[in-house]
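Peer 1: Need a 3D model of the sequence below.
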Amino acid sequence: MKNTAAMYTPPHNRENRVPVLHAAIDQIRLGTLITVGTQGPLASHVPMFVNPDPAPNGTIFGHLARANSQWEKSDASFLALAAFVGPHAYITPSWYETKKLTGKVVPTWQYLAVQARGPISFFDDRERLHDIVRRSTQILESAREHPWAVEDAPLEYVERMLGAIIGFEIPIQTLEGAWKFSQNKNEGDLRGVIEGLEERGDGEVAALVRARGGVDGPPDTLLP
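Peer 2: Just a heads-up that it's a prediction; the model follows:
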């Protein structure tokens with residue numbers, strides 16, 4: 001199995017706790033599946049979910065349209081990458097207190113990202129496909145008062161739809177997270193970033209900066 005490079009993440013932005021990374025994948029849900037083919041990289045943007053088994057990193061599951069040729073063109077000797085990007089926002093230097101004091105500031109971007117790598121296998125077994133669709137639907141519909149279930153659709157229709165997809169699974173070999181939310185900023189700059197984000201309407205990112213940011217910020221918050 002050919003390896004791939006790891007995600008670049010400065011130590012103060014790194015998140016390695018598996019439950020936190022799994023929770024982020026569960027909340028983000030839509031990711032980018034990247035594989036390698038004979039003519040280069042292949043990518044599809046698809047919903048995926050993570051099963052905590054086997055320990056320590058778990059397994060990524062999902063499905064592609066059968067008409068999507070990525071499943072046929074992927075070279076299984078290369079690891080696959082499932083990448084997820086959460087809340088993110090542009091940070092202008094104008095928000096920093098340091099800009100007024102020294103002018104030594106530059107723009108940046110705040111973001112949450114998770115990358116999972118492992119060997120990928122594709123399958124079209126109807127029982128396994130049905131299980132993936134059912135479990136994915138249960139997760140996504142769980143917040144609804146009257147959740148839709150696969151069993152709500154006619155059986156023959158479900159069977160026809162299952163014939164139009166290909167499932168995949170990725171036993172996770174490496175699982176990495178980047179929580180880049182001003183962990184290297186002093187109190188004045190941090191306050192400016194939070195106020196600027198809130199004024200602009202980026203409340204979700206502002207909450208993450210508030211929870212994670214600053215040189216003494218606690219590294220134990222996932223999403224607000």
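Peer 1: Can you give me the distance of the residue most central in space within the chain to residue 112?
Peer 2: Against the mean C-alpha coordinate of the chain, by Cα atoms, centre = their mean, the closest residue is residue 84 at 2.1 Å. According to Cβ to Cβ, to the nearest Å, residue 84 and residue 112 sit 9 Å apart. Every residue, glycine included, has its C-beta placed from N, CA and C.
Peer 1: Please tell me the pLDDT value assigned to the residue sitting furthest away from the middle of the chain.
Peer 2: Farthest-out residue of the chain from its mean C-alpha position, per Cα atoms, centre = their mean: residue 101, at 37.3 Å. The model reports residue 101 with a pLDDT of 92.
Peer 1: how close does it sit to residue 186?
Peer 2: In terms of Cβ to Cβ, residue 101 sits 10 Å off from residue 186.
Peer 1: What of residue 122?
Peer 2: Distance, residue 122 to residue 186, using Cβ to Cβ: 49 Å.
Peer 1: Let me know whether residue 129 touches residue 162 as I believe.
Peer 2: Yes. Contact criterion Cβ atoms under 8 Å: residue 129 and residue 162 qualify, at 4.9 Å.
Peer 1: Which helix or strand in this structure has the lowest average pLDDT?
Peer 2: Least confident element among the helices and strands of the chain, by mean pLDDT, DSSP states H and E: helix 126-141 (a mean of 91).
Peer 1: Just checking the distance from the next helix or strand after it to the centre of its chain.
Peer 2: Under the assignment DSSP states H and E, the closest C-terminal helix or strand after helix 126-141 is helix 155-162. Its chain's C-alpha centre lies 29 Å from the corresponding centre of helix 155-162 when counted by Cα atoms, centre = their mean, to the nearest Å.
Peer 1: for helix 155-162, packing partners?
Peer 2: Contacts defined by 3 or more Cβ pairs under 8 Å, 6 or more residues apart in numbering; DSSP states H and E place helix 155-162 against helix 126-141.
Peer 1: Would it be right to say that residue 26 lies in a helix?
Peer 2: Yes. Assessed by DSSP: H, G, I helix; E, B strand; the rest coil, residue 26 belongs to a helix.
Peer 1: Give me the pLDDT value at it.
Peer 2: Looking at residue 26, its pLDDT reads 93.
Peer 1: Residue 49 is in contact with that one, correct?
Peer 2: Yes. Using Cβ under 8 Å, residue 26 is in contact with residue 49, at 6.8 Å.
Peer 1: quick one, which of residue 122 and residue 186 is more surrounded?
Peer 2: The residue with more neighbours, out of residue 122 and residue 186, is residue 122; 16 against 13, by other Cβ atoms under 10 Å.
Peer 1: Would you quantify the distance from the more buried one to residue 53?
Peer 2: 20 Å.
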